[in-house]
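**Student:** based on what follows, work out the 3D shape:
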Amino acid sequence: MTDSLFTMLMTKKPGNFAEQIVYEDDKVMAFLDKFPMVQGHTLVVPKKQVERVHEMDEETAAAVGVALLKVASKVVKATGSDTYNIMNNTGADAGQEVPHVHFHIIPRCKEDYTASWAASIEKTRHELNKKPAKLPDDDFTGALKDLRDKIRGDHRAPRSAAVLHKPGPPNRQVYLE
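**Tutor:** This next block holds a predicted model:
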């Protein structure tokens, strides 16, 4: 299998890719979208390369779910928007552009939603919802660096979730910080 764009980015971290990373543990990485729909548009991606959600193993899926919870909370705090879309496109016919499972966290603002999230963002742009520029190819500075740092929170170093197996139903796991 050829490495996907995301596998290449996560393993080689070319250029200023490290600037985009806002969360990382042993199974998942989250980073700011290089071509954001809105400020704070973040991707949550399993490190294990899998093309479709239903092809993920349970451990990877659970790790992605925990990361979505953590990263969405950080995006809310960083952007001040407690409304957002979490989107996944599975398969080219559904709009998947990179053949590697990933979830978009897209902050929203008041009255910018219509029937289609992408169309609604494009059709309802206003002063508070300007389309951000492509992320820079060098170090982040200014407002973008501040946003990235807010999403990262106080934890810049990669973190891993400890897994505790408890008695009870099979495969029951408790994730500890």
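
**Student:** for the rest of this, base every contact and every neighbour count on C-alpha atoms.
**Tutor:** Fine.

**Student:** just the strands in the protein please.
**Tutor:** 21-24, 28-32, 42-46, 84-87, 103-107, 162-165, 173-176 (DSSP state E).

**Student:** which one, of those, ends up nearest to residue 1?
**Tutor:** Between residue 1 and the strands of the chain, the shortest gap by CA to CA is with strand 42-46, which sits at 16.3 Å.

**Student:** give the buried residues for that closest one.
**Tutor:** 42, 43, 44, 45, 46 (16 or more other CA atoms under 10 Å).

**Student:** contacts for it?
**Tutor:** 6, 27-33, 36, 60, 63-64, 67-68, 71, 100-106 (CA atoms under 8 Å, 6 or more residues apart in numbering).

**Student:** got any ranges where the protein has weak pLDDT?
**Tutor:** 113-129, 154-177 (pLDDT under 70).

**Student:** hey, C-alpha coordinates of stretch 63-72 in CSV?
**Tutor:** The C-alpha coordinates for stretch 63-72 follow below in CSV (Å, rounded to 0.1, in the frame of the first residue of the first chain):
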residue,chain,number,x,y,z
ALA,A,63,-8.8,6.4,20.0
VAL,A,64,-10.2,8.6,17.3
GLY,A,65,-13.4,9.1,19.3
VAL,A,66,-11.5,10.1,22.4
ALA,A,67,-9.3,12.5,20.3
LEU,A,68,-12.4,14.0,18.7
LEU,A,69,-13.8,14.8,22.1
LYS,A,70,-10.5,16.4,23.3
VAL,A,71,-9.8,18.3,20.2
ALA,A,72,-13.4,19.6,19.7
